[in-house]
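Asker: Generate coordinates for the sequence data below:
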Amino acid sequence: MKKKNVVIVILIILGLAIAGFIFLRLFARAVTSPENADKNKVLYYRNPMNPEVTSPVPMKDSMGMDYVPVYEGERATREAGIYMSAEKQQMIGVKKDKVEKRDLALEILTVGKVAYDPDLYVAQEEYLQALKTVEATKKSILPSVSEQSQSLLEAAEKKLILLGMTKDQIEELGKKGKSQENLYLASGENTAWVYITIYEYEMGLIKEGIPVEVEAVAYPGLKFSGKITAIMPVLNAETRSVQARAEIEDAGHKLKPEMFVNAKIKVDLGEKLAVPENAVLDTGARKIVYLAKEDDMLEAREVVLGQKAAGFYEVLDGLREGDMVVTSGNFLVDSESKLKGAM
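Answerer: Residues are numbered from 1 along each chain as shown. Prediction:
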């Protein structure tokens, strides 16, 4: 009886061994089949603590941990994003908002001073004098005299342009026939010129005609309104800024030459496709948002952004109107995405 039991046990062991052998053969064949070859191809090895650090060959990190292989078959998973259940999203405080068109406007806060610009006043006087000379020599019998007068007028006009006046303003100056005395001294006019500092990164927002509001230290709480009338054509290489000249209403003649002011420039950007500022993660090399998709999938999307205004970024590329993006908890989502090697 015992001998019979031993035989049965041996047969069972042989059967399991044969079944295991057959399974391993089939598994090896499936792994090495053409359709699975690419899926099992190692693309690279990533740092177990920082997936953005990779190596083409196996290695260990500074703590002695092996780099994790990333296979070809994982590419689709990485592109699709990561799955995070609704319960987990609620637990880590994930909130979402819609990408939509909004009216964007921003304010530029800067400094300036009331104009004391005798050079521009003198240049205006020179231009007016050259204009009179051209008129007086039009009927000269000597062509050289007329040509020289015209040459002096052109030179005077170029000087005014270099000092920040536009061609339209120069033409208006010629019609009035009078220099702007409020450029260098308090005059009887009800306006004052103010030079405002515009830094290089804000230059693209400033245009002639934009409203501006200034406040002088001497008159706290009293605001003077006006508009930008000209922008200097040359950038200051040391301060990386340019001067904008504003014409400010000053009926009470309170603004004196060289007086310092604080300026507020209101810029209307118009209707733009906008994403909440909190949705954007800036890695330094790129800007990404997490797009909320169906079935609790969160997809990292690189975006190109424009101006920031009132808590929103202008979207130039990467998102469409109606997209839902993560606005809170996205740092935790990003951390999990990196740990899973989804990025």
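
Asker: which SSE is the residue most central in space within the chain in?
Answerer: Of all residues in the chain, the one closest to the mean position by C-alpha atoms, centre = their mean is Gly306, 4.4 Å from it. Here Gly306, judged by DSSP states H and E, is contained in strand 297-309.

Asker: Give the rounded mean pLDDT of that strand.
Answerer: Mean pLDDT, computed over strand 297-309, is 89.

Asker: and what of stretch 128-137?
Answerer: According to the model, stretch 128-137 has a mean pLDDT of 88.

Asker: Could you do stretch 63-75 as well?
Answerer: The average pLDDT for stretch 63-75 rounds to 70.

Asker: Stretch 229-238 too?
Answerer: 90.

Asker: wait, is Glu189 part of a strand?
Answerer: No - read with DSSP: H, G, I helix; E, B strand; the rest coil, Glu189 is coil and lies in no strand.

Asker: Apart from its chain neighbours, what residue comes closest to it?
Answerer: Residue nearest to Glu189 in three dimensions, not counting chain neighbours: Asn182, with 5.1 Å by C-beta to C-beta, 6 or more residues apart in numbering. For glycine as for every other residue, the C-beta is placed from the backbone atoms N, C-alpha and C.

Asker: Verify the stated contact: that neighbour with Thr191.
Answerer: Yes - contact between Asn182 and Thr191 holds when scored by C-beta atoms under 8 Å: they sit 6.7 Å apart.

Asker: So for those two, which residue has more residues nearby?
Answerer: Between Asn182 and Thr191, counting by other C-beta atoms under 10 Å, Asn182 is the more crowded of the two (23 against 18).

Asker: The more buried one should be in a helix, yeah?
Answerer: Yes - Asn182: assigned to a helix according to three-state DSSP.

Asker: Distance of it relative to Asn190?
Answerer: 10 Å (C-beta to C-beta, to the nearest Å).

Asker: Gln148 too?
Answerer: Applying C-beta to C-beta, the value for Gln148 to Asn190 is 39 Å.

Asker: In terms of packing, which of these two has more residues around it?
Answerer: A count of neighbours by other C-beta under 10 Å puts Gln148 above the other of Gln148 and Asn190, at 15 against 11.
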